[in-house]
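Asks: build me a structure from this.
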Amino acid sequence: MLQSDPMYKSFRPDLEHPTKEDATPAFYIQQAMPIPWIEPVDISNAVLFLASDEARYVTGMQLRVDAGGYLKWYDFHL
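Replies: Numbering: from 1, shown residues only. Okay, the predicted model is just below:
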């Protein structure tokens, strides 16, 4: 979803036709870790872990694979 012309435009409204290269520096603000986005393989690896025997005792939790994006934007003062 992030890799699309409408997203490039929303992150770089100052440019008429922004490219992926134009928008990538702005994507870093979404994560607490120094990466511009999460790769699909990272999500797949989390799914494989949850489907594996190693996760047999994992219950009732949220597994966030977001490079710290939730921690960066969550308002802890609610």
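Asks: please name the nearest non-neighbouring residue to Val58.
Replies: Leu50 (6.6 Å; C-beta to C-beta, 6 or more residues apart in numbering). In this view, the C-beta of every residue, glycine as well, is placed from N, C-alpha and C.
Asks: may I ask which helix or strand of this structure has the lowest mean pLDDT?
Replies: helix 69-73 (a mean of 81; mean pLDDT, DSSP states H and E).
Asks: what's the longest helix along the chain in contact with?
Replies: The residue-count maximum for a helix in the chain (DSSP state H) belongs to helix 40-50. Contact partners of helix 40-50, identified using C-beta atoms under 8 Å, 6 or more residues apart in numbering, comprise 55, 58, 63, 65.
Asks: gap between it and the chain center?
Replies: Averaged C-alpha coordinates place helix 40-50 at 13 Å from its chain's average position (C-alpha atoms, centre = their mean, to the nearest Å).
Asks: how long is stretch 21-33 end to end?
Replies: Its first and final residues considered, stretch 21-33 spans 19 Å by C-alpha to C-alpha, to the nearest Å.
Asks: again, but for stretch 56-65
Replies: OK, stretch 56-65 end separation, C-alpha to C-alpha: 19 Å.
Asks: what are the contacting residues of it?
Replies: Residues outside stretch 56-65 that contact it (C-beta under 8 Å, 6+ apart): 38, 42-43, 46, 50, 70.
Asks: farthest pair within the residues you listed?
Replies: Leu50 and Tyr70 (17.9 Å; C-beta to C-beta).
Asks: other SSEs contacting the host helix or strand of Ala26?
Replies: Element membership for Ala26 (DSSP states H and E) is helix 20-27. Counting contacts by 3 or more C-beta pairs under 8 Å, 6 or more residues apart in numbering; DSSP states H and E, helix 20-27 is packed against helix 5-11.
Asks: for the contacts of stretch 56-65, which single residue is the most surrounded?
Replies: Within those, most neighbours by other C-beta atoms under 10 Å means Ile38, with 17 neighbours.
Asks: before we move on, back to that, buried ones in the least confident helix or strand of the chain?
Replies: Judged by neighbour count using 16 or more other C-beta atoms under 10 Å, the buried positions of helix 69-73 are Gly69.
Asks: fine, thanks again, bye for now.
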